[in-house]
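> Below is the sequence, then the predicted model.
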Amino acid sequence: MKILVAVDGSEISLRAVKFVIALNRELAKPARVTLLAVDPPHFPGVESRIGSKAVQQMHEDSLDQMLRDARRSLSRAKLELNERAEIGDAAETILAVARKEKVDLIVLGSHGRGAVKGILLGSVSSKVIAQGDIPVTIVR
């Protein structure tokens, strides 16, 4: 089984990682896990003000922070791991990577902001579910 787990460095995304580790124990054959972090692009004009190297460094630092604890947990569990760090819209990137990697399951943490705020803010997990054709497990 191929599983994509998307993380943002939050405690909730670490719960999603722990879910994947527990699920792996139940599988007959070990899962292959794609660990994904997505950093949003900066506002237009940022690069021209601070330079492309500074923007690149900011993305690298942010993505490393998002992946650090999840990477450590998955490595301790000795799961086969493919790590991806991308820049873009979170929901679109999650779906694009999931399709490219041909995963069987997407696992996401949900911040559980509630129905009204979810409608107003646009939830990544809601978008992945609505726009995708791959099974999604939401961990709270």
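Looks like it arrived, so ask away. Residues are numbered from 1 along each chain as shown.
> So what's the residue count around the residue nearest to residue 75 when sequence neighbours are not counted?
In space, residue 75 comes closest to residue 81 once its chain neighbours are excluded; the distance is 6.9 Å by CB to CB, 6 or more residues apart in numbering. For glycine as for every other residue, the C-beta is placed from the backbone atoms N, C-alpha and C. By other CB atoms under 10 Å, 16 other residues sit near residue 81.
> Test my guess that residue 81 contacts residue 30.
No - between residue 81 and residue 30 there is no contact under CB atoms under 8 Å: 10.9 Å.
> thinking again about what came up before, quick one: contacts for the residue nearest to residue 75?
Applying CB atoms under 8 Å, 6 or more residues apart in numbering, we find residue 81 in contact with 33-35, 71, 74-75.
> Helices - which of these land there?
Per DSSP state H, helices hold the following members of the contacts of residue 81: 71, 74-75.
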